[in-house]
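Q: Quick one: sequence and predicted model below, then my questions.
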Amino acid sequence: MDTILELADEYFFDGVYAKLVPKQVPLANATTNFLGEQLATTSAWERDSDLRICLSLSVFLIVGATLFYFASATFSYFVFFDKEYMKHPRFLKNQVRLEIESATKAIPGFALLTVPWFWGEIKGYSLLYEGTPATLLEWAYLALTVPLFLLFTDCGIYWVHRYLHHPLLYKHLHKPHHKWLIPTPYSAYAFHPLDGYFQSIPYHLFVYIVPMHKWLYMSMFMFVNIWTILIHDGNFISRSTIINTSAHHAVHHLYFNYNYGQYFTFWDRFGESHRAPTEEQYDAELRINKKTWAQQAKEAEEIEGKVLKTSKQKVN
Ligand SMILES: [Zn+2]
Ligand SMILES: [Zn+2]
């Protein structure tokens, strides 16, 4: 994030802060911007000021996350999502619009909550490192951090997600994401900001306890965000029993208490919450069959009723 913020400073924030909080400098000390213009006015807020870093990060993360959401969800919606699903009895009226509204409301809060993690990275409190590995061992370590990152975050997200289904938390934090029994890619960020934040903690935390190359981390960070969109795309090509595919996550949205995992099915198997997708999700005809849908809706309603009943009992 430090290099990205440097670029954002160079091309955008330096000029903005110089206007907002200006400081005159003698022409002899004037800096030159990327267009080769001499700047006799700079900002009273230095680039390494904590307040400036946090403000810049807030703007960058809110704008970046919103653009990423619209670009990736729209791509996935038009390329992968099976629009036949919109005829499912549990697909809500105007659902896509509702999902987009929910996500655009959640993204600013969700992005702001992550600012301290990125601030810490820029200030050098994380274990991110840079430079090209010099030895075979360093390359091997670099490669090893990829499965380590996936295993650590998969475990973390599983347990955070599972506890978000606890009756005391579910109603307040996680229920907004389960409004979508038949999700579209736009539902990926349609959640309560704290729900999204809690599920993101494992991948922020990882680089504070395990050294990781900063560009590899940025790539993995993008990967988890793309993965989150992909498991909501309703495109059930992969029949993997090891990977938590979009078919597994569709089961989670329909039947609540199964498949809390993110990338793999291991923790669900271990925690006895695994439910394998059935033929009806893979078969081109069965998956859009009205009888199948009616059955799914019936079972979903039964489970939903039980979940809400337990939730009421625990709260009272
Ligand atoms: Zn859930
Ligand atoms: Zn989901």
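A: That came through fine. Keep in mind it's a predicted model, so treat the numbers as computed, not measured. Ligands and ions are numbered 1, 2, ... in the order given.

Q: For the stretch 1-150 of the chain, just list every one of the helices.
A: Using DSSP state H, counting those that start in this stretch, the helices found in the stretch 1-150 of the chain span residues 2-8, 14-20, 50-79, 95-113, 115-122, 136-164.

Q: Centre of the chain to the fifth one, how far?
A: For helix 115-122, the separation from the chain centroid amounts to 17 Å (computed by Cα atoms, centre = their mean, to the nearest Å).

Q: by contact count, what packs against it?
A: Using 3 or more Cβ pairs under 8 Å, 6 or more residues apart in numbering; DSSP states H and E, the elements in contact with helix 115-122 are helix 2-8, helix 50-79, helix 193-209. All C-beta atoms are positioned from the backbone trio N, CA, C, and that covers glycine.

Q: Those: lowest mean pLDDT?
A: Per-stretch mean pLDDT for the helices and strands packed on helix 115-122 is lowest at helix 2-8 (a mean of 81).

Q: helices or strands next to that helix in the packing?
A: Counting by 3+ Cβ pairs under 8 Å, 6+ apart, helix 2-8 packs on helix 50-79, helix 115-122, helix 214-230.

Q: Output the helices and strands packed on helix 115-122 in JSON lines; the columns should cover mean neighbour count and distance to His174.
A: Converted to JSON lines, the helices and strands packed on helix 115-122 look like this (neighbours: other Cβ atoms under 10 Å; distance: least, Cβ to Cβ, whole Å):
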{"stretch": "helix 2-8", "mean neighbour count": "15", "distance to His174": "31"}
{"stretch": "helix 50-79", "mean neighbour count": "17", "distance to His174": "19"}
{"stretch": "helix 193-209", "mean neighbour count": "19", "distance to His174": "5"}
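
Q: Mind putting the ones you listed into TSV with distance to Leu92?
A: Output for the helices and strands packed on helix 115-122, formatted as TSV (distance: least, Cβ to Cβ, whole Å):
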stretch	distance to Leu92
helix 2-8	37
helix 50-79	16
helix 193-209	19
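
Q: In contact with the residue found closest to Val21 once you drop the neighbours it is linked to in the chain, which residues are there?
A: Residue nearest to Val21 in three dimensions, not counting chain neighbours: Ala44, with 4.7 Å by Cβ to Cβ, 6 or more residues apart in numbering. Listed by Cβ atoms under 8 Å, 6 or more residues apart in numbering, the contact partners of Ala44 are Val21, Pro22, Lys23.

Q: Just send the helices and strands packed on helix 2-8 back as CSV, with distance to Arg275 too.
A: Converted to CSV, those look like this (distance: least, Cβ to Cβ, whole Å):
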stretch, distance to Arg275
helix 50-79, 24
helix 115-122, 33
helix 214-230, 19
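
Q: Minimum distance to Phe264: which of these has it?
A: Closest approach to Phe264 among those (Cβ to Cβ): helix 214-230, 11.4 Å.

Q: Using PDB, write down the CA coordinates of that closest one.
A: This file holds the C-alpha atoms of helix 214-230, laid out as PDB (Å, rounded to 0.1, in the frame of the first residue of the first chain):
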ATOM      1  CA  LYS A 214       4.200  -6.800  -0.300                       C
ATOM      2  CA  TRP A 215       3.400  -7.300  -4.000                       C
ATOM      3  CA  LEU A 216       2.400 -10.900  -3.300                       C
ATOM      4  CA  TYR A 217       0.200  -9.700  -0.500                       C
ATOM      5  CA  MET A 218      -1.500  -7.200  -2.800                       C
ATOM      6  CA  SER A 219      -2.100  -9.900  -5.400                       C
ATOM      7  CA  MET A 220      -3.600 -12.200  -2.700                       C
ATOM      8  CA  PHE A 221      -5.700  -9.300  -1.400                       C
ATOM      9  CA  MET A 222      -7.100  -8.800  -4.900                       C
ATOM     10  CA  PHE A 223      -7.600 -12.500  -5.300                       C
ATOM     11  CA  VAL A 224      -9.700 -12.800  -2.100                       C
ATOM     12  CA  ASN A 225     -11.900  -9.900  -3.200                       C
ATOM     13  CA  ILE A 226     -12.400 -11.500  -6.700                       C
ATOM     14  CA  TRP A 227     -13.100 -14.900  -5.000                       C
ATOM     15  CA  THR A 228     -15.800 -13.300  -2.900                       C
ATOM     16  CA  ILE A 229     -17.500 -12.100  -6.100                       C
ATOM     17  CA  LEU A 230     -17.100 -15.500  -7.800                       C
END
